[in-house]
Structures are given as structure tokens and as C-alpha cells.
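[1] with the sequence up front, the predicted model follows.
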Amino acid sequence: MNVSRLAIKEVVVKTLYLDCFAGISGDMFMGAMVDLGVDFEMLKSELSKLGLDHEFDLKMRRDSKLGIFGTKIDVIDHNNAHDHGHNHSHDHGHDHPHEHLHEHSHDHSHDHGHDHKHIRDYGEIKAIIKESKLSDRVKQDSLKIFELIAKAEAKIHGKTVDEVHFHEVGAIDSIVDVIGAAICMELLEIDEIMASPIEIGEGFVKCAHGKMPVPAPATSEILIGVPTLAKVKGYEMTTPTGAAIIKAFVTKFPEHKEMKAQKIGFGMGTRNLDIPNCLRAIIVEKQESQLQWILEANIDDMSSEQLVFAEERLLTEGALDIYKTPIIMKKGRPAIKMSILAKTKDIETLQRILFTETTSIGLRKYPVDKVKLDRTYQQIETQYGKVTVKTAFLEGEIVNQKAEYEECKLLALENQVALSEIYKAVNEALLRNSLVNKR
Ligand SMILES: O=C([S-])c1cc(C(=O)S)c[n+]([C@@H]2O[C@H](COP(=O)(O)O)[C@@H](O)[C@H]2O)c1
Ligand code: NI
């Protein structure tokens, strides 16, 4: 066993809580993240890894809504003739024409005398992201957001995902918003996101092809399964991009706002409403929950080699433990019950591996509460060498004490003595040094 790993304390997870009382859009999210401490220049330099610097500018300014100060981010799209760097169509809470990741294929090219890239296809965007020098995490996260938007658009407009087109106007906006959001999450080292119910607004929003109901069809499709509110009348409060950021990353919509806030940032929307039109983002540092899960599948039709391969992959992708139980299934079939212990954040990945690397087409999943005794690790010197001893306490009293097997095994082999000799030496050293009560 790797002794240095023994020193690891409880893992601290950095959680972001999004208070979406005024909804969310891509630029509000970036604004909130910059307000929380994301270095704006760093965000810009990461974005330039897309190789689209000629297409857009990213602007940042301090702004206030009803006396609350925060950060306003504007994406200035050089392709967009209507966009003069303020309140442009992408901004949150707008009421003028806007086009976005969409299925229509009208030609909206604007000739400004520049050689602009004509990014229209979802496929093109995927290629730009994949071939860029962005980090793997940013690539993965931004593709996840785009996939949600593209799937929603495809469903609404009766197209396949690959047939979904970006309009000339709006494509750059969406790309910058989506990838900017993913970059911000990486720069702030966010591990998980929670959110309040999402304010979606109500009414109609003017789009390129007429008026759309609020929430826009893509927004409502993306937000299936997400708790929403519609308290603000007459405005679109959440855009498809904002909805996709929520859907892609929020793992919990806690009913109670019980949390210990460490830092708070505000990302500003555009309009001035009778509520502060901003996104409040809160960093909540907390101890990782002890709640874990068991994923379980009975497997009776798989080669042992492939089963072991699946097990290895599950372990590298986050499974805390895997144990296999021989069972007899219906029709007298001998089988293996595979039980996987997992943290909440890893469940989705592990389920995917289980379904792709084993023959199982279903699984059982149940939460397990862990009870852990306090424990200490000490190095003790024996005549054969050093060994780590783990001591467990119940209400302050030692209830268990054990030398690490892997280390004892190495000492037995190195010293060419029986393993029991090593354990005996450990016990003697413990008695001699009365180390047993050190906490
Ligand atoms: O332009 C059209 S036709 C259109 C369709 C849809 C659908 O939901 S379908 C939505 N919209 C609006 O575009 C913007 C997109 O904002 P993002 O920040 O997510 O890029 C938003 O106002 C939608 O309601 C337009
Ligand atoms: Ni659409």
C-alpha cells in the first residue's frame, strides 16, 4: 500500500450554488464566475485557443441592478451587423430579434469586408472544439452543453442532431457563452454545482422568425426534469444556453438553502427589472458527503476476461470498491453479482461503463450510509523495518489495531521470514512503545 495515501484527510469538494431567482443566460453565468474571482484575462486567453479571435470580443464591466453591484460580460460578435457592443441580442432579458443554434438554413451572411468564418453546423462546432488546444475538461464540458442544445433544437424542429444549423448571427455568441462557461468552471476549480429552482419568465420573445413563447421551446425542452419558477411576467429570464448549463452540470436542487457560503458573486443581465436582474453564484466549501451508493448487476452471460476488464475500468473511473458474489439465478444459471461502491458524483460515469463494458442491461442502485470509526495511522519501527499501523477508536477507546498487510508482506519477502513473524514483531513493537493511545 502506498503509505503517503494514508495521510490523505477528508476530501474537500468545491461546490457552486446558483441562485437563479432572475433566471440564467450564458453571459450572466460568465459574469458571476468572473465576479467570484475568475481572471478575466485568463478567460480571454483560454477562449483564444479556439482560433476565433477575429470573430468576437469579450468585454467586462462593473454594473449594478437596484443597487447590487456585479460583473457584466458582453460578447461582441463581429459578424452581427446589429451588434454594436451593448445590449446586443444575446443579452439576457432582451426583446429584439435573435437567432441562435437553430435548424433553419437561410443565408444570413453579412459582408463587412472581413474574412469571417462561417460556422453554421453543429458538426463544425464539435470539430473546432475537439481540434482546439482547450483542456480535456473544457472540451468535454462544452460538448456536453452543446449536445443538450442541439438535441433540443433537433427535437423541436423535427431534424436530426447533425442537421441542426447555427444561424450566421448567434453562432459565435453561443460558442463563446458555452466554452466560456466551461473555462470558468475549470478556472474556479468547481467540482459540483447545485441550484435553486430556475426562474424562466413568462410571455413572448421576438425571434428571427416571429414571436416565441417564453420559455422558448428549446429552453423548455432542455429544462425537462428541472424545477422552474415563472414569477417574472413579460420577459424571457432563461435562455437555451443558460438552461443547458444548468441541465449539464447541476446535480442537486436542494429544497433548503442550508449552506455555509464562502464567497458570493453576481453576474448581471441586461434589462432593468423590478427585481435585480442578476445571477447570484455562491461558493460553498463543504466536506464531502459520506453518503455513497451501491450499483449492482447480476451477470450470467459474459466472458470472465471481459468482466475483469469492466471491473478494472470501473475502478479507474472512480469506483471506491467492487466485490463479486457468486449467485444462482433463475433457471438454475450460475452468475456473478457485481456490487460497485460509488460516490454520488461518479454514478453517471460508472453506470455508463457498466452498460457498455458488461452484458447487463439493467442495474439496481441504492444509497448506503457509511459509519466510520475515527482512525489514526502511525509508523512503527520493528526489527524487520518500518510498518504503518492503523488504529480505530470508538468513543475515544481503541477498538481495533492493525498493521497494513501490503507493507508486512513486503517485509516478510525482503527479510525471508514468515508473514506471521512480521505480525508478531509489530505486536511486540506496539507493546514496547505503548503507541496504542497516541491520537
Ligand atoms: O431564432 C429563433 S427562431 C429562436 C428559436 C428558439 C427556440 O427555442 S427553438 C429560441 N430563440 C431565442 O434565441 C435566444 C438564444 O439565446 P442563447 O443565449 O441561448 O443563445 C433566446 O432568446 C431564445 O429564446 C430563437
Ligand atoms: Ni429553435
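    Perfect, thanks for sending it. Numbers count the residues shown, from 1 in each chain. Ligands and ions are numbered 1, 2, ... in the order given.

[2] ranges for the helices of the chain?
    26-35, 40-47, 122-131, 136-157, 171-187, 217-222, 240-249, 304-316, 347-357, 405-415, 419-433 (DSSP state H).

[3] tell me the most buried of these?
    Per-stretch averages of neighbours, counted by mean count of other Cβ atoms under 10 Å, single out helix 26-35 among those, with a mean of 29. To be clear about C-beta, it is placed using only N, CA and C from the backbone, and glycine gets the same treatment.

[4] from the chain's centre, how far out does that helix sit?
    With Cα atoms, centre = their mean, to the nearest Å as the basis, helix 26-35 stands 16 Å off its chain's centre.

[5] what's that helix packed up against?
    helix 40-47, strand 68-77, helix 171-187, helix 240-249, strand 261-268, strand 278-287 (3 or more Cβ pairs under 8 Å, 6 or more residues apart in numbering; DSSP states H and E).

[6] residue closest to the middle of the chain?
    Central residue of the chain (Cα atoms, centre = their mean): Phe249, 4.6 Å from the mean position.

[7] chain neighbours aside, what residue packs nearest to that one?
    Ile193 (4.5 Å; Cβ to Cβ, 6 or more residues apart in numbering).

[8] quick check, that neighbour in contact with Val13.
    No. In this structure, Ile193 is not within contact of Val13 by Cβ atoms under 8 Å, at 11.0 Å.

[9] thinking again about what came up before, per-residue pLDDT, the residue nearest to the centre of the chain?
    Phe249 carries a pLDDT score of 95 in this model.

[10] likewise Leu394?
    88.

[11] the one 10 residues further on too?
    Per-residue confidence for Glu404 comes out at a pLDDT of 95.

[12] number of residues surrounding it?
    By other Cβ atoms under 10 Å, 19 other residues sit near Glu404.

[13] skipping adjacent residues, who's closest to it in space?
    Counting by Cβ to Cβ, 6+ apart, the residue nearest Glu404 is Thr388, at 4.6 Å.

[14] okay, and the beta partners of the one you found?
    Gln379 (DSSP bridges).

[15] who's in contact with Glu428?
    Thr382 (Cβ atoms under 8 Å, 6 or more residues apart in numbering).

[16] quick check: it vs Gln416, distance?
    19 Å (Cβ to Cβ, to the nearest Å).

[17] measure the residue of the chain positioned farthest from its centre to ligand 1 for me?
    No residue in the chain sits farther from the centre than Arg432, which is 50.5 Å out by Cα atoms, centre = their mean. Arg432 is 70 Å from ligand 1, where distance means Cβ to the nearest ligand atom, to the nearest Å.

[18] one step back: got the helices of the chain as JSON lines, with distance to ligand 2 columns?
    Compiled in JSON lines, the helices of the chain are given as follows (distance: least, Cβ to the ion, whole Å):
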{"stretch": "helix 26-35", "distance to ligand 2": "16"}
{"stretch": "helix 40-47", "distance to ligand 2": "25"}
{"stretch": "helix 122-131", "distance to ligand 2": "12"}
{"stretch": "helix 136-157", "distance to ligand 2": "5"}
{"stretch": "helix 171-187", "distance to ligand 2": "12"}
{"stretch": "helix 217-222", "distance to ligand 2": "5"}
{"stretch": "helix 240-249", "distance to ligand 2": "8"}
{"stretch": "helix 304-316", "distance to ligand 2": "38"}
{"stretch": "helix 347-357", "distance to ligand 2": "27"}
{"stretch": "helix 405-415", "distance to ligand 2": "57"}
{"stretch": "helix 419-433", "distance to ligand 2": "68"}
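
[19] of these, which is nearest Arg271?
    Closest approach to Arg271 among these is made by helix 26-35 (11.4 Å; Cβ to Cβ).

[20] that closest one vs strand 278-287, what angle?
    Helix 26-35 and strand 278-287 are oriented at 50 degrees to each other (axes from the mean of the first three to the mean of the last three Cα atoms, to 10 degrees).

[21] got CSV for the helices of the chain, with distance to Cys20 too?
    As requested, these are exported to CSV (distance: least, Cβ to Cβ, whole Å):
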stretch, distance to Cys20
helix 26-35, 9
helix 40-47, 21
helix 122-131, 26
helix 136-157, 16
helix 171-187, 14
helix 217-222, 12
helix 240-249, 7
helix 304-316, 34
helix 347-357, 22
helix 405-415, 48
helix 419-433, 56
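
[22] got the domain boundaries for the protein?
    Domains of the chain are assigned by automatic domain parsing as 21-288, 292-368, 374-438.

[23] check these for me: which has the lowest mean pLDDT.
    Minimum mean pLDDT among the domains of the chain: domain 21-288, a mean of 85.

[24] and it, how far from the chain's centre?
    16 Å.

[25] fine, thanks again, bye for now.
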